[in-house]
Every structure is written in structure tokens, then in C-alpha cells.
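In: no sequence for this one, just the structure:
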């Protein structure tokens, strides 16, 4: 984090820090001291509650009053997404400072909004990616273990999703075709996590990053982010539109929903290799969820299953698949993994 001031000064002399109160209590004074050392004027916007269109609008109004030249978003996915919303609305460059590795939000230009029931409402996009991503792995290693596990769940899917997007001539996050480079990065992400994930997980929560931890963080934040934006997404992420409508699932971390979503996608692919069994066995060693009930799913009516399937298929990523799925087929897959 010590380089944050230098990165801000490349873009301006003043910054607005978008941060939640918990992270501010931990690192707010440190960030302020770094900015003061580099003669950066700093204002603070605290993120509170769920990230809804209304909360983003309120933050943007405050940010416009500050007239700062740079937006700095520090914390987990919610604070980073809030910073992206503010950066888009103000037209100012964004620097992200992740304090957990629960997903690849630090690298990407997209951010998510939720409704009052914490169900995914919309995916929005900044005009460009963050100007800089400042990752301090000693901070990431001090974060609770379950966040790191969720980040692995989010990242492990990217190879398989980019593969489906490429094969179906689907569209990536820039509305272009999936690229060979992105597929190679997503493949490297998968290989890194399969090789180092179990060892890296042992360091999570200790505050002491190891070489395996460092490599895994690179895979989870950088490789995963580049892989999905230019490679494209598929069913595993489309399911995050539908799964929260299954009772008990809405509060599960995004990465854990994606982890189960990948198993459902691999099932639907009807692959001739043993990828589904291999991934499921690896999940078991890692402690990742292998069933919907593992992420809180409760008794579900036929209507709720169908709603979850319908909303999944309405997501743009659902089109990036080898065949067109229908509600009945997806409901059957969901129930097989319940």
C-alpha cells in the first residue's frame, strides 16, 4: 500500500477515498498518512448498507461536491463497486486498493447493484478499467479465510466460462469476441489455483503471505479479471442472477455461488472428460461448496426453481454456451445439485 500516494500523484493532487467504516477503522489513518506524505488532499466517503442505485446516487452527489481529481476505492467488493459507480458518474480515474481477495473486482470495469433484498439487480460498466490496482498481499493475508475461499471459487470458473464463450462465438465484457490471449490467461489462472490453492489457503487469515499465496492472489485478482473481461462469461456467472431467488442463497458470497454454478455448468456441458469429477473432488479438499444446500439453499417450490432458471437464462452470459438451454433443462440441473 505504500505506493498508493505515488500512483495518485500520477493522476492528480487530490483524491476521494470510497471506503466502508470497518476498513476505514483499520486502514483509514494509514491511507491518510500516505496521502499527506505525497501532498495529496484527501476526502472520505463512507459506504453504508447494500449497494443499491439509491446509495450510489448519494455517494456520487457527495463526490461531485469534493471536486477531487482521483477516486480511490479501498476494501472488499462492495467498496470497490461503490468506487466504480462514483468514478463513472464523475468521470474521474479510479485506483482500487483491495483488502480481501474475495473476487476479481479490483481489476475489472464492471460493478454490480443490488435491490433491497440483496438480489442482483444490474451489472454496470465504467468507461474504462481502473487506472491502477494496488495490492498489498500482507493485508490480503490478514483478511478472514472465508473471503479468500470465495475468491478461489470465483476465479476457478473463468477457464471454463471463457472456453464456452469462445466456442459459441459469444461476446465478452467489451462486446467483442472472446480472444485467444484471454483463454490462455484463464487457463493459467486455473492451473495456478489447482497447483497452489490448497497451500495458499493455509496462509489465509495469518497475515503472512507465502509464495503460493502470492501466486494465488495474482491468479484471483489479475488473471481472473483479465480472463473474464476479454474471455467472456457463461452459465456459472449467469446463475448468479437466478440463484439468489432460491430461499437461503441470497446472502451467500458471490464466489461461493459461482463455485456451485461452475459444477452446474460442467454438468450441462456433458463433457466427455472427467472435469466435473476432478473439480468436485478438488472442491472437497478445499472446502468449497459442492451443493446448493452448502450455500444455504432451503426447501424450494417448483415455482421458485423455475424463477431461478428463467432469470439465469435472461442474463446475457447465458447465451455464451454451446447450445440454447430452456427452463426445464436448467431446473433439472439445479435440482441435481441441490
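Out: Looks like it arrived, so ask away. Note that the coordinates shown come from a computational prediction; the quantities given were computed from them, not determined experimentally. Residues are numbered from 1 along each chain as shown.

In: use CA for all of it now, contacts and neighbours both
Out: Fine.

In: Residues touching the helix or strand of the chain with the lowest mean pLDDT, excluding its own?
Out: Within the chain, confidence by mean pLDDT, DSSP states H and E is lowest for strand 120-125 among all helices and strands, at a mean of 83. Residues outside strand 120-125 that contact it (CA atoms under 8 Å, 6 or more residues apart in numbering) are 88, 109-115, 240-241, 244.

In: Dump those into a markdown table; add pLDDT, distance to residue 285 and neighbour count as well.
Out: Shown next, in a markdown table, are these (pLDDT from 0 to 100; distance: CA to CA, whole Å; neighbours: other CA atoms under 10 Å):
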| residue | pLDDT | distance to residue 285 | neighbour count |
| --- | --- | --- | --- |
| 88 | 93 | 40 | 20 |
| 109 | 96 | 32 | 22 |
| 110 | 92 | 31 | 19 |
| 111 | 91 | 31 | 21 |
| 112 | 85 | 30 | 20 |
| 113 | 86 | 33 | 22 |
| 114 | 81 | 32 | 15 |
| 115 | 77 | 34 | 14 |
| 240 | 95 | 24 | 25 |
| 241 | 93 | 28 | 20 |
| 244 | 93 | 26 | 21 |
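
In: The chain - how does it break down into domains?
Out: 4-135, 141-336 (automatic domain parsing).

In: distance between the longest one and the chain's centre?
Out: Put plainly, it is domain 141-336. Distance of domain 141-336 from the chain centroid (CA atoms, centre = their mean, to the nearest Å) equals 10 Å.

In: From residue 51, how far out is residue 248?
Out: Applying CA to CA, to the nearest Å, the value for residue 248 to residue 51 is 20 Å.

In: higher neighbour count, those two?
Out: residue 51 (22 against 17; other CA atoms under 10 Å).

In: Spit out the contact partners of the spatially closest residue to residue 128 that is not a sequence neighbour.
Out: Once flanking residues are discounted, residue 128 sits nearest to residue 109: 6.1 Å by CA to CA, 6 or more residues apart in numbering. Shown in contact with residue 109 (CA under 8 Å, 6+ apart): 84, 125-130.

In: Select from those residues the one having the most neighbours.
Out: Highest neighbour count within the contacts of residue 109: residue 84, with 36 neighbours (other CA under 10 Å).

In: distance of it from residue 257?
Out: 23 Å.

In: ditto for residue 246
Out: Distance, residue 246 to residue 257, by CA to CA: 11 Å.

In: Can you classify residue 19 by secondary structure?
Out: Three-state assignment for residue 19 (DSSP: H, G, I helix; E, B strand; the rest coil): strand.

In: cool, residue 112 as well?
Out: Per three-state DSSP, residue 112 ends up strand.

In: Determine the number of other residues adjacent to the nearest residue to it once chain neighbours are set aside.
Out: With CA to CA, 6+ apart as the criterion, residue 112 has its nearest non-adjacent residue at 4.5 Å, and that residue is residue 123. By the measure other CA under 10 Å, the count of residues near residue 123 is 10.

In: While we're on residue 250, how confident is the model there?
Out: Per-residue pLDDT puts residue 250 at 92.

In: which residue ranges form the helices in the stretch 151-300 of the chain?
Out: 158-167, 180-203, 211-217, 224-231, 235-242, 254-269, 275-286 (DSSP state H, counting those that start in this stretch).

In: now those in a markdown table, with distance to residue 326?
Out: Below are the helices of the stretch 151-300 of the chain laid out as a markdown table (distance: least, CA to CA, whole Å):
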| stretch | distance to residue 326 |
| --- | --- |
| helix 158-167 | 17 |
| helix 180-203 | 27 |
| helix 211-217 | 36 |
| helix 224-231 | 24 |
| helix 235-242 | 12 |
| helix 254-269 | 11 |
| helix 275-286 | 21 |
